[in-house]
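Asker: No letters, just coordinates:
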């Protein structure tokens, strides 16, 4: 968790996770991405192909569609910025084949940089976590940091602390890891 002990974060390069915070709470909330092969390391791929991923990152229907459009428009912006990138072109082709939703949104030709707002993450052990999302971008490296912080006035900070204590307790006992 970045900054404070209560801030999960995932670093990613145009949709592909290249590094992640190594805390067990981050992995319990989002899973581990860096060890996965191919498209399995890609956040956009998971959004459009994994019902489980969407069940973890649950939002209201209008917000869910806006999130989908944001991912598609951001991928289109990345392709425009990078020029011909065979890996990105393959990702788009594979997403079009795997997801009718992605294909329909891609055909709208919207272009925009990624933005995110408040999102809710559901964890089986502690329940709903309301998180504000900020995207920090480095124009030189083209890397981005997605910073998720508890929404003030919600029980999220307490729930993250409870999740952390649960993970520590299970770790001391040698029990199974808490997972998404």
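Answerer: Done, it's in. Here the structure is a predicted model, which means the values were calculated and not measured.

Asker: CA only for contacts and neighbour counts going forward, please
Answerer: Noted.

Asker: Is residue 122 in a helix, a strand, or coil?
Answerer: Classification of residue 122 using DSSP: H, G, I helix; E, B strand; the rest coil returns strand.

Asker: State the distance from residue 110 to residue 156.
Answerer: Residue 110 sits 34 Å away from residue 156 when distances are taken as Cα to Cα, to the nearest Å.

Asker: Those two: who's more crowded?
Answerer: For residue 110 versus residue 156, the count of surrounding residues by other Cα atoms under 10 Å is larger for residue 156: 22 against 15.

Asker: Could you double-check that that one lies in contact with residue 148?
Answerer: No. Residue 156 lies out of contact with residue 148 (Cα atoms under 8 Å); the separation is 11.3 Å.

Asker: residues shared between the contacts of those two?
Answerer: Common contacts of residue 156 and residue 148, defined by Cα atoms under 8 Å, 6 or more residues apart in numbering, comprise residue 131.

Asker: Just the residues contacting the longest helix along the chain, thanks.
Answerer: Once the chain is assigned using DSSP state H, the helix that runs over the most residues is helix 61-82. With contacts defined as Cα under 8 Å, 6+ apart, helix 61-82 is touched by 14-15, 44, 47-48, 58, 85, 88-89, 102, 105-106, 109-116.
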